[in-house]
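A.B. asks: Below are the sequence and a predicted model for it; my questions follow.
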Amino acid sequence: MYDSMALGTAGFTAALSIHRLQQNDVKPENGKVVVTGATGGVASLAICMLKNLGYHVVAITGKDSEHEYLLSLGANEVISEIQ
């Protein structure tokens, strides 16, 4: 119970998204996975989860100051949004 509440709604949503990717045969060996809006709650948890599952994660953000944060979450690459 504690673990599920610690992740909250954002974690549950991220997990559901990853589950759906896996249902559609998206596997780590298939290539990179892109996460947009990467500093948001769902996206930042998805980055951690995807990294722990062995995916190569590319985070996309418009916040140049957050690149190190996203790398610390587990992103392999960080791309700034094209304005």
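C.D. replies: Done, it's in.
A.B. asks: so what does the helix or strand Ala59 falls within touch, helix or strand wise?
C.D. replies: If you go by DSSP states H and E, Ala59 is part of strand 56-61. On a contact count with 3 or more Cβ pairs under 8 Å, 6 or more residues apart in numbering; DSSP states H and E, strand 56-61 meets strand 32-35, helix 41-52, helix 67-73, strand 77-80. Yep, even glycine has a C-beta here, placed from its N, CA and C like the rest.
A.B. asks: The longest one relative to strand 56-61, how many degrees between them?
C.D. replies: Following axes from the mean of the first three to the mean of the last three Cα atoms, to 10 degrees, one obtains 160 degrees for the angle between helix 41-52 and strand 56-61.
A.B. asks: low-confidence ranges in the protein?
C.D. replies: 1, 3-4, 82-83 (pLDDT under 70).
A.B. asks: Could I get the contacting residues of the residue nearest the centre of the chain?
C.D. replies: The centre of the chain sits closest to Ile47, judged by Cα atoms, centre = their mean, with a distance of 2.2 Å. By Cβ atoms under 8 Å, 6 or more residues apart in numbering, the contact list for Ile47 reads 35, 38, 57, 59, 70, 73-75.
A.B. asks: can we see that at 10 Å?
C.D. replies: Residues near Ile47 by Cβ atoms under 10 Å, 6 or more residues apart in numbering: 14, 33, 35, 38-39, 55, 57-59, 70-76, 78.
A.B. asks: Buried deepest among the helices and strands packed on strand 56-61, which one?
C.D. replies: Across the helices and strands packed on strand 56-61, averaging neighbours per residue (mean count of other Cβ atoms under 10 Å) puts helix 41-52 on top, at a mean of 20.
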